[in-house]
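Engineer: The sequence and its predicted three-dimensional model are supplied below.
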Amino acid sequence: MTKVWPWSFSKIKDFEQCPKQYYHKHILKEVPFVQTEAILYGNEFHKMAEDFIGKDTPVPAKFSYAKKALTSLKDRKGEKLCEIKMGLTENLEACDFYASDVWFRGIADLVILDDAVATVVDYKTGKSSKYADKGQLELMALALMARYPQIKKVRAALLFVVCNDLVKDTYMEYDKSKLWEKWLGKYGQMETAAKEDMWNARPNGLCKRYCPIIECVYNGAN
């Protein structure tokens with residue numbers, strides 16, 4: 001059977017958008033990674049935020065709009081962990097991000113540990129929070145509670161730094177079963193596709209102009 005792990009939030013989203021594109025991108029690895037201006041800007045912002053919170057490096061003028069929000073996070077009580085890489089085994093136990101048996105991977109931009117409470121923040125450099133997806137926060141909360149068993153409560157947020165908006169939620173230890181039921185179900189759909197070797201195209205508004213899978217009948221080149 002085709003291997004669909006280690007998986008991540010982004011891989012699940014790619015699969016849900018279009019199984020065929022997911023297959024070419026993650027299984028066959030035929031879709032090259034393109035460093036767009038938006039991605040480069042996002043990477044630069046993440047490095048700046050990590051240096052500001054972790055090393056007290058001044059915020060450059062180009063990112064001054066985010067200084068107030070980042071300072072608020074920096075001043076919070078607790079141990080700050082930047083760009084923390086987390087892995088889980090198939091038994092939902094914490095493991096190294098690069099472990100041979102890693103089954104799930106996730107990277108948290110900022111984690112603040114304060115006794116039994118953790119805060120996890122993911123920076124977003126998009127201009128709007130209109131289509132924010134809190135699924136990423138759910139998975140980060142689950143990974144954190146596996147890595148740090150003392151954590152009973154996770155405050156999670158997507159910080160949209162450009163429009164100064166905060167999309168947040170709170171997850172408790174007793175939420176784990178319900179959340180894992182949801183995400184194991186999503187992962188199971190990928191497993192089924194791999195087992196049956198069925199990667200059907202799912203047409204959407206991006207097909208005609210942006211899909212790199214030329215052979216697909218829904219691609220604009222056809």
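Structural biologist: Thanks, I have the structure now.
Engineer: Quick one: residues in contact with the helix or strand of the chain with the lowest mean pLDDT.
Structural biologist: For the chain, using mean pLDDT, DSSP states H and E, the weakest element among its helices and strands is helix 207-210, scoring a mean of 83. Residues from elsewhere that reach helix 207-210, judged by C-beta atoms under 8 Å, 6 or more residues apart in numbering: 216, 218-220. Bear in mind the C-beta positions are built from the backbone N, C-alpha and C, glycine included.
Engineer: If residue 154 is in a bridge, with which residues?
Structural biologist: On the basis of DSSP bridges, residue 154 is bridged to residue 118, residue 171.
Engineer: Go ahead and confirm it touches residue 141.
Structural biologist: Yes - assessed by C-beta atoms under 8 Å, residue 154 is found in contact with residue 141 at 4.0 Å.
Engineer: who touches both of these two?
Structural biologist: 118, 120, 171.
Engineer: Show the contacting residues for the second one.
Structural biologist: Taking C-beta under 8 Å, 6+ apart as the contact definition, residue 120 lies against 108, 110-112, 137, 140-141, 144, 154-157.
Engineer: how does it look with 6 Å?
Structural biologist: 108, 111, 140, 156 (C-beta atoms under 6 Å, 6 or more residues apart in numbering).
Engineer: which secondary structure element contains the closest residue to residue 60 other than its chain neighbours?
Structural biologist: Excluding its sequence neighbours, the residue lying closest to residue 60 (C-beta to C-beta, 6 or more residues apart in numbering) is residue 48, at 6.4 Å. Under the criterion of DSSP states H and E, residue 48 resides in helix 37-55.
Engineer: Now find how far off-centre the very next helix or strand once past that helix is within its chain.
Structural biologist: Per DSSP H and E, the first helix or strand lying C-terminal to helix 37-55 is helix 67-74. Computed by C-alpha atoms, centre = their mean, to the nearest Å, the chain-centroid distance of helix 67-74 equals 21 Å.
Engineer: Strands of this structure, start to end?
Structural biologist: For the chain, the strands defined by DSSP state E occupy 79-88, 94-95, 104-114, 117-124, 153-160, 165-172.
Engineer: where does the chain have low pLDDT?
Structural biologist: Within the chain, no stretch has pLDDT under 70.
Engineer: hmm, try it at 80
Structural biologist: 1, 220-222 (pLDDT under 80).
Engineer: Regarding it, what is its longest helix?
Structural biologist: helix 176-196 (DSSP state H).
Engineer: Can you list the buried residues in it?
Structural biologist: The neighbour-count check on helix 176-196 (16 or more other C-beta atoms under 10 Å) flags 176, 179, 183, 187, 190-191, 193-194 as buried.
Engineer: What is the nearest of these to residue 93?
Structural biologist: Of all these, the one with the least separation from residue 93 (C-beta to C-beta) is residue 176, at 12.9 Å.
Engineer: Quickly note the distance from residue 196 to residue 90.
Structural biologist: 20 Å (C-beta to C-beta, to the nearest Å).
Engineer: Equivalent analysis for residue 70, please.
Structural biologist: 36 Å.
Engineer: Do I have it right that residue 216 meets residue 201?
Structural biologist: Yes - here residue 216 reaches residue 201: they are 5.2 Å apart, a contact under C-beta atoms under 6 Å.
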